[in-house]
Every structure is written in C-alpha cells, then in structure tokens.
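Enquirer: I would like the atomic coordinates for the input below:
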Amino acid sequence: MLYKTRGIVFRFTKYGDTSIIVNIFTETFGLQAYIVNGVRSKSSKSKIALYQPLTFLDMVVYHREHAKINRIKEVKCLKPFQSLILDIKKSTVVMFISEVLNKTVREESHTQEMFDFLLDAISSFDRQVQHYENFHLIFLLKLSRLLGFGPRSANEVVVGRPSDPEIDRIIDQCIEAEYDTVLNISNAQRRIMLEFLLGFFSDHIENLGEFRSIKVLQEVMS
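Expert: Numbering: from 1, shown residues only. Next comes the predicted model:
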C-alpha cells in the first residue's frame, strides 16, 4: 500500500552499479530501508543529494509490513538546509550525529517522539549562527533521555571513570542546557566531555563500537 510520510535520512549505501539502499527514520513507520534504483546514474532524474545524512524528506512510499526493504514512489526535500552543508564545522558535526543515530536508534524507537526530536534538533542547529560548538554534547544528552537512560547529574555519566570537579560542573551545565545556551568550555574540556559521554552511551548500548568520525570532529572543532 502507498503511504505519505515525512522522513529523516540516516545513511545510504551503494547497491549495484547505480542504486542505493537508504535508511530513513520515518514519522509513520520508524526506521526503514528503501532501495532507490538508478539514482547514481548520469541520466537519472533523481538526485543523490536528497539522500545525504540528516536530510528532511517528504515522501510517498510503498510499505509492506515486515518487509526488510521497501520502495519510494515520490520524494522531495521537506526543508532545505541553510548552513549545514556550507559550514565545514557544522557538516562535520552532522557526520558525527549521523553515525551516532545509526548506532543507537532502532526500528521502533518512540517513532513520533523521536522524529519530532530530530526535526527540532537539526533545524535548531541549522539556524544557529554562533555558539554552536557544544551542540553535539547537548544533543547526546537529550538523545540519551529519549533512549531511556538520560542522566540527572554528572555522577551518572562519569561513574567508574576518573574525573575532576570542573568537568563534573560542565557536564551538569550541559544536562540543563538548551542548544542555544552559551557555555564557557575549552577545546580540551569539550574533548574530555565527549569521551565521557561516549563511554556513558557504551555503558547502556551493546556493541556500540568505535566512532569513525571522532578524529575528524575533534580536529575541526579544535
């Protein structure tokens, strides 16, 4: 059957010579995989840009219950980005967030609530023109709440790991912060806090593994 739904691209992988398999978190069905044929061919009317990480889509899709892969009948960009693809720092954060989502968000992760959260968070990030260097830290904390293990204090984040009062204070600030909250955090402190947060995620999510985008993120945000 055909359904109209909004979606947020998580990632795509090449399939065959000209096609892709794209993972999209949809407002209606949660995380879904779709095959898009011919999108990588020179003559294709489709645009590969539509399937870049965290792109918002307005779609009409074929949906079969329990099918591993479905198809998209119609697709267009729901909300074009203003800065995420132009700002190197922001595009690096997008790459990191996309990797986090691919490792943590499952098929039935509070579908409507998760979709609304991602739409609001990414839109907020796109609108920010300054003081967004801590966005990824605040995003991780807000995401952890939605995933069911959000911390109430720094003690829950650093448990079992050596820390210091200053880092604990910064973590507590970030727990209470909004995306546009201005926080005085040095590059070194930001790096340490990110390590704590990823360790915290590893404590609650099995087989989280390494994050390939971390090195690039740290270099660009330093």
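Enquirer: Ser144 - nearest residue in space that isn't next to it in sequence?
Expert: Gly150 (4.5 Å; C-beta to C-beta, 6 or more residues apart in numbering). Where C-beta positions appear, they are placed from N, C-alpha and C, glycine not excepted.
Enquirer: Isn't the one you found up against Val157?
Expert: No. Contact criterion C-beta atoms under 8 Å: Gly150 and Val157 do not qualify, at 10.0 Å.
Enquirer: The two: who's more crowded?
Expert: Between Gly150 and Val157, counting by other C-beta atoms under 10 Å, Val157 is the more crowded of the two (26 against 16).
Enquirer: Contact partners for the residue nearest to Ser144?
Expert: Contact analysis of Gly150 by C-beta atoms under 8 Å, 6 or more residues apart in numbering lists 141-142, 144.
Enquirer: can you check Glu99 too?
Expert: Neighbours of Glu99 in contact, by C-beta under 8 Å, 6+ apart: 211-213.
Enquirer: helix or strand for it, which one?
Expert: helix 88-104 (DSSP states H and E).
Enquirer: helix or strand right after that helix?
Expert: helix 111-127.
Enquirer: Could you list the buried residues of the next helix-or-strand element following that next one?
Expert: Per DSSP H and E, helix 111-127 leads on to helix 135-146 as the next helix or strand towards the C-terminus. Residues 135-144, 146 are the ones in helix 135-146 that count as buried (16 or more other C-beta atoms under 10 Å).
Enquirer: what about Cys174, how many neighbours?
Expert: Cys174 - counted by other C-beta under 10 Å - has 23 other residues nearby.
Enquirer: The helix or strand containing it - contacts with which helices or strands?
Expert: Here Cys174, judged by DSSP H and E, is contained in helix 165-176. Counting contacts by 3 or more C-beta pairs under 8 Å, 6 or more residues apart in numbering; DSSP states H and E, helix 165-176 packs against helix 135-146, helix 154-158, helix 187-204.
Enquirer: and these as a markdown table, adding mean pLDDT?
Expert: As requested, the helices and strands packed on helix 165-176 are exported to a markdown table (pLDDT from 0 to 100):
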| stretch | mean pLDDT |
| --- | --- |
| helix 135-146 | 97 |
| helix 154-158 | 94 |
| helix 187-204 | 94 |
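Enquirer: so where is the chain shaky, pLDDT-wise?
Expert: 43-46, 107-109 (pLDDT under 70).
Enquirer: how is it carved up into domains?
Expert: As given by automatic domain parsing, the domain ranges for the chain are 2-77, 88-221.
Enquirer: next one: the first one to chain centre, how far?
Expert: Once both centres are worked out by C-alpha atoms, centre = their mean, to the nearest Å, domain 2-77 turns out to sit 17 Å from its chain's centre.
Enquirer: Also stretch 154-163?
Expert: Worked out by C-alpha atoms, centre = their mean, stretch 154-163 lies 24 Å from the chain centre.
Enquirer: Stretch 153-173 now?
Expert: Per C-alpha atoms, centre = their mean, the centroid offset for stretch 153-173 relative to its chain is 24 Å.
Enquirer: ok, the lengthiest strand in the chain: who's next to it in the sheet?
Expert: In the chain, taking DSSP state E as the definition, the longest strand is strand 2-15. Counting by DSSP bridges, the strands paired with strand 2-15 are strand 19-26 (antiparallel), strand 56-62 (antiparallel).
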